[in-house]
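> Give me a 3D structure for the following:
(one chain, ligands or ions: 1)
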Amino acid sequence: MDPVAPPTGDGPEIDVWGSSSSYFTGKLEGYLRWKGIPYRLRPMTSRMFGRVVPRETGAAQMPAVRLPDGRWMTDTTPMIEWFESRHPDPRVIPADPVQAFASRLLEDMADEWLWRPAMHFRWSYPEDAGLLASRLADELLVDLAAPRWAKRVAIRRRQTTRFVSRDGVNQHTRGHVESVYLRMLDALQSIVSRRPFLLGPTPTLADFGFFGPMFRHFATDPTPAAIMRDRAPAVWSWVARLWDAREGASRGEPVAGVPDDWGPLLDEAGHGHLAWLVQNARAFADGRRRFDATMGSVVYENVPVSSYRVWCLERLQARLSEIGPADEERVERLLDRHGCLVPLRHAVGRPSGHDPEGRAPFGPGCTVFA
Ligand SMILES: N[C@@H](CCC(=O)N[C@@H](CS)C(=O)NCC(=O)O)C(=O)O
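Residues are numbered from 1 along each chain as shown. Below you'll find the model as predicted:
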């Protein structure tokens with residue numbers, strides 16, 4: 001029995017199961033729209049999320065993509081890599097190996113490090129939480145026979161527990177969590193008030209990475225959106241510009257190398273994101289399920305260890321090791337200046353075990369807190 005109808009062969013070729021409020025669905029949609037790759041967005045109902053998607057991809061997460069040949073994909077980072085290999089023009093991963101590495105690092109930071117502030121702003125503020133609980137109940141739980149109020153309560157409780165309190169957000173860490181968003185806004189504001197996208201006239205990988213949290217959470221959830229409009233209006237414009245961008249509409253030369261105005265983003269990658277990844281990898285090597293993450297003077301207590309994030313670190317390290325001798329010194333100098341080199345050289349004591357055969361994005365996938 002296949003409860004999902006097979007691809008029809010007419011209309012858009014790619015099915016994307018996700019949500020119009022989802023971080024990673026937004027990231028993928030921004031990419032597919034820019035590339036002009038037709039897709040059909042389908043709601044990740046509870047039946048899809050609970051049964052079909054885990055069976056087909058190995059991971060209950062969105063977006064989940066089914067190709068016209070019936071193969072399923074999960075995890076936007078390897079998905080974008082795969083689409084780039086099939087639709088190379090226009091490339092979104094820069095040709096310059098140093099720009100490419102810095103872009104992958106920012107993509108990873110946007111995926112993993114902005115997740116906590118995005119979930120905190122969405123679920124800790126009552127107005128945001130009430131609105132999103134209604135939206136998600138109506139969009140994703142349509143197939144459940146339960147009163148609307150009960151669906152709203154269930155969603156709100158699940159998200160707040162799983163992605164706010166269990167992820168270390170409390171009265172001691174809240175200021176630090178929010179400061180990550182504010183620093184990223186300021187850094188992006190200074191970049192996109194000077195040029196349309198992070199590396200010039202057209203969007204590249206780092207734009208799509210930041211697009212997930214910035215579009216689907218920060219620019220649309222009431223509390224962070226008000227902050228964005230006041231503090232970083234150019235970021236507000238960039239979000240709309242990226243959603244509306246079509247390949248061919250804008251041409252021109254990208255900036256050369258990694259621009260100085262990426263400095264604050266790379267500082268955050270080094271002192272925030274990568275510092276966390278290293279502590280997570282240490283805890284994983286010690287066989288722990290939870291750990292205390294120290295970020296300067298702030299301690300996030302008893303947060304879950306993520307094998308997926310060990311894989312993120314491994315993958316960045318593998319990419320760094322692929323950079324040839326001609327560019328090695330340039331990349332090392334850049335990374336060292338921003339506190340990224342030491343964590344990227346950290347010897348991962350125990351491999352993540354995820355995707356040993358290099359099959360990603362073709363499953364079996366792994367959720368961040370599997
Ligand atoms: N690394 C994955 C992350 C996907 C992800 O975490 N998606 C979220 C929604 S935006 C999700 O499905 N979370 C699972 C849950 O809520 O249980 C990707 O890039 O696609």
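> The spatially most central residue of the chain: which element?
Most central in the chain under CA atoms, centre = their mean is Asp111, positioned 2.4 Å from the mean C-alpha point. For Asp111, the host element (DSSP states H and E) is helix 97-112.
> mean confidence for that helix?
For helix 97-112, mean pLDDT rounds to 98.
> Which other helices and strands does that helix contact?
The contact analysis (3 or more CB pairs under 8 Å, 6 or more residues apart in numbering; DSSP states H and E) places helix 97-112 against helix 76-86, helix 205-213, helix 263-268, helix 307-321, helix 325-337. Using the backbone N, CA and C atoms, a C-beta is placed for each residue, glycine as well.
> what about dumping the CA coordinates of the second one to CSV?
The reference is to helix 205-213. Output in CSV follows, covering the C-alpha atoms of helix 205-213 (Å, rounded to 0.1, in the frame of the first residue of the first chain):
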residue,chain,number,x,y,z
LEU,A,205,24.7,29.8,-0.7
ALA,A,206,25.2,32.0,2.3
ASP,A,207,22.1,34.0,1.3
PHE,A,208,20.0,30.9,1.1
GLY,A,209,21.3,29.7,4.5
PHE,A,210,20.3,33.0,6.2
PHE,A,211,17.1,33.1,4.3
GLY,A,212,15.6,30.1,6.3
PRO,A,213,15.6,31.8,9.7
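> So what touches that helix?
Contact with helix 205-213 is made by 23-24, 26-27, 30-31, 34, 76, 80, 92-94, 100, 102-104, 106-111, 114-115, 117-118, 184, 188, 197-199, 238-239, 242, as judged by CB atoms under 8 Å, 6 or more residues apart in numbering.
> just the third one next, same as before
Here helix 263-268 makes contact (CB under 8 Å, 6+ apart) with 102, 105-106, 109, 113, 180, 183-184, 186-188, 190, 258, 334-335, 337-340.
> Just after that helix, pick out the following helix or strand.
Counting by DSSP H and E, what follows helix 263-268 is helix 275-285.
> which helices and strands sit right next to whichever helix or strand comes after that following helix?
Going down the chain from helix 275-285, the next helix or strand is strand 290-295, by DSSP H and E. Secondary-structure packing of strand 290-295 (3+ CB pairs under 8 Å, 6+ apart): helix 275-285, strand 298-304.
> Now do the buried residues in strand 290-295.
Going by neighbour count (16 or more other CB atoms under 10 Å), the buried part of strand 290-295 is 291, 293, 295.
> What residues does the first one make contact with?
Phe291 is in contact with 279-280, 282-283, 302-303, 305, counting by CB under 8 Å, 6+ apart.
> hmm, back to that, what about the ligand: which of the contacts of helix 205-213 touch it?
The subset of the contacts of helix 205-213 lying close to the ligand, counting by CB under 6 Å from any ligand atom, consists of 23-24, 76, 111.
> Show me the two of those that sit farthest apart.
Farthest-apart pair in these is Tyr23 and Thr76; separation 9.4 Å (CB to CB).
> when you compare where the helix or strand harbouring Val177 runs with where strand 290-295 runs, what's the angle?
Using DSSP H and E, Val177 falls within helix 174-192. Here the directions of helix 174-192 and strand 290-295 differ by 60 degrees (axes from the mean of the first three to the mean of the last three CA atoms, to 10 degrees).
> Next, the angle from helix 174-192 to strand 298-304.
Following the same axes, to 10 degrees, one obtains 100 degrees for the angle between helix 174-192 and strand 298-304.
> and Glu268, how many neighbours?
For Glu268, the neighbour count with other CB atoms under 10 Å is 21.
> and it, what pLDDT?
Listed pLDDT for Glu268 reads 98.
> Including distance to Val52, could the ones next to the ligand among the contacts of helix 205-213 go into CSV?
What follows is those, written out as CSV (distance: CB to CB, whole Å):
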residue, distance to Val52
Tyr23, 21
Phe24, 18
Thr76, 19
Asp111, 24
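> Compute the distance between Pro222 and the ligand, please.
Separation of Pro222 from the ligand (CB to the nearest ligand atom, to the nearest Å) stands at 19 Å.
> can you give me the strands for the stretch 1-150 of the chain?
Along the stretch 1-150 of the chain, counting by DSSP state E, counting those that start in this stretch, strands occupy 14-18, 39-43, 64-66, 72-74.
> Out of the ones you listed, the one nearest Glu253 is which?
Nearest of these to Glu253, taken as CB to CB: strand 39-43 at 29.8 Å.
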